[in-house]
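Q: Model the structure of this input:
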Amino acid sequence: IQIAVIGLTSVSMLLFLFSWIMFSQAKPDSILPKGREKPPKRRRIERITMGLLASLPAIFFLSGMELFLRVALMGIPIMVAGFLGRRYVGKVKACEQHYPSFLRQIASICSSGVPVKTALKDAVNVNYGPLNKAVRKLYARLSLRISSETAWRSFETEVDSQLISRVNGVFTDVLLRGGNINEVSKLIESVYFIYTTIRRRRYQIVSYLNGMLVPLHVAMCGMLAIISGFFTSLNKFITSMPTILPLQSALPTEFINAYFIFVLVLFSLNNASAIYSIEGDSHFTLLFLLGLMLACGSLVYGLVFQTASQYLSSILTV
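A: Residues are numbered from 1 along each chain as shown. Model prediction:
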């Protein structure tokens with residue numbers, strides 16, 4: 001038992017190390033900025049996430065419930081927290097898609113000598129999708145004579161995109177200091193396009209990895225359940241014939257079941273870490289994939305285990 005646990009833990013740590021090496025080599029940028037002021041919606045989602053994660057110990061120690069079912073229930077709040085975060089990140093990505101159009105319009109108007117506030121007044125009437133709210137707030141702050149640096153910094157915080165924060169910092173610096181805004185905007189837009197193209201290519205790799213790892217994970221859970229069901233059925237058969245085969249103490253079926261579920265949890269964590277290390281969007285991706293694999297894998301394990309043990313028991317009984 002000790003060798004089995006130590007061996008599995010060692011393999012798991014090696015897989016974690018491999019995921020970390022991939023992450024350090026690829027170095028994908030996070031969608032959400034770090035170490036700065038966060039918008040209220042993001043803070044609210046993070047508080048909900050912490051609350052859901054805090055409920056995991058209570059779920060794990062529920063009495064009168066099978067271990068696989070408790071693991072599946074633990075995966076649900078993790079998956080919900082990840083889903084809320086991924087939906088928020090999706091809105092940030094939508095803002096990134098509309099930002100080049102906003103940048104182009106402001107640059108074209110300001111390059112002719114028009115003040116920024118006048119350019120924003122025209123931009124308010126243009127549909128920039130999810131970016132509209134941040135643009136309106138930016139125009140309102142400038143209309144209230146709030147300093148331009150503070151207004152643009154609040155705009156970056158409202159959008160909550162690390163890519164937009166980097167690009168917009170260069171754009172506003174040139175805009176407020178009287179540089180050649182037309183040339184700079186073209187250069188920024190070119191860099192922006194290259195950056196997003198590289199990100200789309202990385203997402204293609206992630207989609208292939210998802211299509212490979214998730215089915216393999218579910219299939220592995222089913223195979224582990226069949227093996228555990230076989231040992232459980234064999235133990236019942238041996239127990240029913242103690243005079244012929246007195247070996248009931250040689251089959252620790254409870255340990256085998258718990259050990260396989262431990263394998264399921266570790267491989268869920270490893271697979272989710274591998275995908276996150278390549279995608280790198282946010283920690284919500286890791287939570288969502290971990291919760292999905294825990295919930296689906298545990299339910300498949302429990303269903304296949306019950307079916308296999310009953311079927312094999314009926315064969316051995318006959």
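Q: roughly how far apart are Val184 and Cys296?
A: Separation of Val184 from Cys296 (Cβ to Cβ, to the nearest Å): 49 Å. To be clear about C-beta, it is placed using only N, CA and C from the backbone, and glycine gets the same treatment.
Q: ugh, typo on my part, it should be Tyr99
A: 36 Å.
Q: Now do the buried residues in stretch 137-144.
A: Buried residues in stretch 137-144, counting neighbours by 16 or more other Cβ atoms under 10 Å, are found at Leu138, Tyr139, Arg141, Leu142.
Q: What of stretch 178-188?
A: Residues of stretch 178-188 classed as buried: Ile181, Val184, Ser185, Ile188 (neighbour count, 16+ other Cβ under 10 Å).
Q: could you dump those residues to a markdown table with pLDDT?
A: Formatted as a markdown table, those follow (pLDDT from 0 to 100):
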| residue | pLDDT |
| --- | --- |
| Ile181 | 82 |
| Val184 | 86 |
| Ser185 | 85 |
| Ile188 | 88 |
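Q: and which of those is nearest to Lys91?
A: Using Cβ to Cβ, Ile188 comes nearest to Lys91 of the buried residues of stretch 178-188, at 22.4 Å.
Q: Find the nearest non-adjacent residue to that closest one, please.
A: Once flanking residues are discounted, Ile188 sits nearest to Val167: 5.4 Å by Cβ to Cβ, 6 or more residues apart in numbering.
Q: What does the pLDDT read for the one you found?
A: According to the prediction, Val167 has pLDDT 89.
Q: Verify the contact between it and Ile194 for me.
A: No - using Cβ atoms under 8 Å, Val167 makes no contact with Ile194, being 11.8 Å away.
Q: Which of the two has more residues huddled nearby?
A: For Val167 versus Ile194, the count of surrounding residues by other Cβ atoms under 10 Å is larger for Val167: 22 against 10.
Q: I'd like the distance from the more buried one to Phe262, if you could.
A: Separation of Val167 from Phe262 (Cβ to Cβ): 46 Å.
Q: before we move on, what about Ala219?
A: 18 Å.
Q: which of these two has more neighbours?
A: Counted by other Cβ under 10 Å, Ala219 and Phe262 do not tie: Phe262 has more neighbours, with 18 against 12.
Q: Tell me which residue is most central in the protein.
A: Residue closest to the mean C-alpha point of the chain, counted by Cα atoms, centre = their mean, is Thr285 at 0.4 Å.
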